[in-house]
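J.: have a look at this prediction, sequence included:
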Amino acid sequence: MQQNDLLIQINLGQAPVIIDVRSDAEYKTSHVPGAIHIPFWTAFSTDKLEHVEKSATVVLYCEHGPRAGIAKLALSWSGFDDIRYLAGNMTAWKKAGLPVEVE
């Protein structure tokens, strides 16, 4: 998903499920507004998405990309079928100067 498209959906209150799969420290430093934190190594066993419909659009990101790929595999095995990557991941989001939340 393109950064600007996601930002528009966030601003309209129509954001998909956004998942940050980075470490605790990375997430706390800055994350996409409204992102749920599910570190990639827990994606195979998390219960944080029990309330989410399997048909919901899910947008994954990490810092550069590889960890999001692992999380996508985990979520697809869990039955999610509309899984997308944030274009450029968090590196590009920050470089573009887009808004972030801090814990």
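T.: Okay, I see it.
J.: name the helices or strands packed onto whichever strand or helix holds Arg84?
T.: Element membership of Arg84, judged by DSSP states H and E, is strand 82-85. With contacts taken as 3 or more C-beta pairs under 8 Å, 6 or more residues apart in numbering; DSSP states H and E, strand 82-85 sits against strand 57-61, helix 66-77. All C-beta spots, glycine's among them, are computed from the backbone N, C-alpha and C.
J.: quick one: contacts of that strand?
T.: Counting contacts by C-beta atoms under 8 Å, 6 or more residues apart in numbering, the residues outside strand 82-85 that touch it are 1, 16, 55-61, 65, 68, 72, 75-76.
J.: that one pairs with which strands, parallel or anti?
T.: If you go by DSSP bridges, strand 82-85 pairs up with strand 57-61 (parallel).
J.: which outside residues touch the strand it pairs with?
T.: For strand 57-61, the surrounding residues in contact (C-beta under 8 Å, 6+ apart) are 1, 6, 16-21, 32, 35, 52, 68, 71-72, 75, 80, 82-86, 89-90, 93.
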